[in-house]
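Trainee: this one's sequence-less:
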């Protein structure tokens with residue numbers, strides 16, 4: 001009974017979200033997490049999740065934004081709208097953010113979010129397989145990563161295998177991983 005109610009409740013809010021976007025012509029969604037104010041594109045499932053639940057990934061993003069320091073390099077393998085990368089980029093203009101996305105839908109939403117927030121320190125890579133993350137690092141002359149966020153939706157083992165050399169170094173990065 002509870003799951004039926006939650007599903008109906010969520011459908012009602014999805015309807016409100018679509019109504020909101022129609023009435024406001026897709027106005028960006030303001031999102032404040034841990035003192036960081038971001039704007040999200042009003043399209044896509046991830047944007048709905050953050051609009052519907054302001055605490056969606058809130059503790060994790062807040063922790064990450066407290067951990068990230070200027071001059072750090074943040075590597076984000078994901079298929080979402082990029083809130084973690086946006087939060088890392090917002091921390092300091094000196095933070096270098098390398099998100100890698102494997103779905104075209106996520107790429108479009110992510111590009112919109114980068115433009116909405118006017119970030120110049122996010123270097124987006126599109127349609128990269130998890131098993132070739134090491135190639136990405138070599139092609140872009142990235143020798144040091146401070147934080148890796150892995151939300152590869154089941155492809156994490158491939159990601160970590162491809163980063164074996166980086167992960168075996170004494171200066172190995174912090175791995176930020178959440179399983180659901």
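Mentor: Received it, and whenever you're ready, just let me know what you need. Given the structure is predicted, the values throughout are model-derived calculations rather than measurements.
Trainee: tell me how many other residues crowd residue 111.
Mentor: Residue 111 has 16 neighbours, counted by other Cβ atoms under 10 Å. Any C-beta I mention is one placed from the backbone N, CA and C, and that applies to glycine too.
Trainee: how about the residue positioned nearest the centre of the chain: what's its closest non-neighbour residue?
Mentor: Central residue of the chain (Cα atoms, centre = their mean): residue 82, 2.8 Å from the mean position. Leaving aside its sequence neighbours, residue 82 sits nearest to residue 110 (Cβ to Cβ, 6 or more residues apart in numbering; 4.2 Å).
Trainee: pull the contacting residues for that neighbour.
Mentor: Counting by Cβ atoms under 8 Å, 6 or more residues apart in numbering, residue 110 touches 81-82, 85, 99, 101, 124.
Trainee: would you confirm that it belongs to a helix?
Mentor: Yes. Residue 110: assigned to a helix according to DSSP: H, G, I helix; E, B strand; the rest coil.
Trainee: any idea how far residue 135 is from it?
Mentor: Separation of residue 110 from residue 135 (Cβ to Cβ, to the nearest Å): 21 Å.
Trainee: same check, this time on residue 104
Mentor: Distance, residue 104 to residue 135, by Cβ to Cβ: 20 Å.
Trainee: can you map out the strands along the chain?
Mentor: All strands of the chain, identified by DSSP state E, fall at 29-33, 36-40, 73-78, 96-101, 125-126, 147-150, 174-177.
Trainee: who touches the lowest-mean-pLDDT helix or strand in the chain?
Mentor: Least confident helix or strand of the chain, by mean pLDDT, DSSP states H and E, is strand 125-126 with a mean of 76. For strand 125-126, the surrounding residues in contact (Cβ under 8 Å, 6+ apart) are 98-101, 104, 107, 136.
Trainee: between those residues, which is nearest residue 49?
Mentor: Nearest to residue 49, judged by Cβ to Cβ, of the contacts of strand 125-126 is residue 101 at 16.8 Å.
Trainee: from what I can see that closest one touches residue 122, true?
Mentor: No. Counting by Cβ atoms under 8 Å, residue 101 stays clear of residue 122, with 11.6 Å between them.
Trainee: mind listing what residue 58 touches?
Mentor: 33-34.
Trainee: how near is it to residue 49?
Mentor: Applying Cβ to Cβ, the value for residue 58 to residue 49 is 11 Å.
Trainee: residue 110 now?
Mentor: Separation of residue 110 from residue 49 (Cβ to Cβ) stands at 15 Å.
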